[in-house]
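Participant: Need a 3D model of the sequence below.
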Amino acid sequence: DGYAAISARLGPTTSLDVNVLSTGDRFNFSDDFGYKWLSTVTSMNFKTFLSKTVSAYALVGYGRFVNEFFDPSGPDASTLTNEIRYQQGKFNILYTPESHAITAGVEAINYNNQPEKTRPLKNSGIIPVNIQKDKGLEYAVYVEDEWSPADKISVSAGLRASFFAQLGPDTTFLYTAGSP
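Facilitator: Reported below is the predicted structural model:
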């Protein structure tokens, strides 16, 4: 596993942070089965105070997750690999009048799923296969108010509207009305 971060103060009220995390593992259960995975997440965060009660936050992120199942021996010796990549953008405004913290923002995530791959190992009878996966865009708008009427009491309420759009070709299956 590895983690790295760089922070920079760009001005008296503005900062920029860059973070990278990479982690993974591999597991074998004798010669019967195995699993390995790798996850990498990178983000850049920009924060600034626009006034004493208003601040802004922006994030740009990238992530990649790969997992692999493997059967290391026998006539079915093969690997099955899946991979998801995503790009994320987020923007928040925080308004903090007396006893309130009101956050409003927008967010979007582009999911770029890679083809699922089956590959033979050694002299197995497995045929290589690539299966295309769907790609999509998720986006949202949100608002939240955290009210603190006293030092040890706070109440929070918010709304979020999320949407999803499939990108690329799609097959839609329709059922005949009245059929089971």
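Participant: pLDDT weak spots in this structure?
Facilitator: In the prediction, the chain carries residues with pLDDT under 70 at positions 180.
Participant: Going by residue numbers, what spans are strands in it?
Facilitator: Secondary structure of the chain by DSSP state E: the strands cover 2-11, 14-29, 33-49, 54-71, 78-95, 100-113, 116-120, 129-131, 135-150, 153-167.
Participant: want to throw the ones you listed into a markdown table with distance to residue 178 and mean neighbour count?
Facilitator: Every C-beta, even on glycine, is put in place using the N, C-alpha and C of the backbone. Putting the strands of the chain into a markdown table (distance: least, C-beta to C-beta, whole Å; neighbours: other C-beta atoms under 10 Å) gives the following:
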| stretch | distance to residue 178 | mean neighbour count |
| --- | --- | --- |
| strand 2-11 | 57 | 10 |
| strand 14-29 | 49 | 13 |
| strand 33-49 | 45 | 15 |
| strand 54-71 | 41 | 16 |
| strand 78-95 | 38 | 16 |
| strand 100-113 | 35 | 16 |
| strand 116-120 | 36 | 15 |
| strand 129-131 | 33 | 12 |
| strand 135-150 | 32 | 14 |
| strand 153-167 | 28 | 10 |
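Participant: Okay, and the beta partners of residue 93?
Facilitator: residue 56, residue 104 (DSSP bridges).
Participant: For residue 80, give the beta-bridge partners.
Facilitator: Going by DSSP bridges, residue 80 forms beta bridges with residue 69, residue 118.
Participant: gap between it and residue 115?
Facilitator: Relative to residue 115, residue 80 is positioned 12 Å away (criterion: C-beta to C-beta, to the nearest Å).
Participant: follow-up on the earlier one: JSON lines for the strands of the chain, including distance to residue 176?
Facilitator: As requested, the strands of the chain are exported to JSON lines (distance: least, C-beta to C-beta, whole Å):
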{"stretch": "strand 2-11", "distance to residue 176": "54"}
{"stretch": "strand 14-29", "distance to residue 176": "46"}
{"stretch": "strand 33-49", "distance to residue 176": "41"}
{"stretch": "strand 54-71", "distance to residue 176": "37"}
{"stretch": "strand 78-95", "distance to residue 176": "34"}
{"stretch": "strand 100-113", "distance to residue 176": "31"}
{"stretch": "strand 116-120", "distance to residue 176": "31"}
{"stretch": "strand 129-131", "distance to residue 176": "28"}
{"stretch": "strand 135-150", "distance to residue 176": "28"}
{"stretch": "strand 153-167", "distance to residue 176": "24"}
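Participant: From residue 65, how far out is the nearest residue to residue 24 once chain neighbours are set aside?
Facilitator: Nearest-residue entry for residue 24: residue 38, 3.8 Å, with adjacent residues in sequence omitted and distances by C-beta to C-beta, 6 or more residues apart in numbering. As defined by C-beta to C-beta, residue 38 lies at a distance of 7 Å from residue 65.
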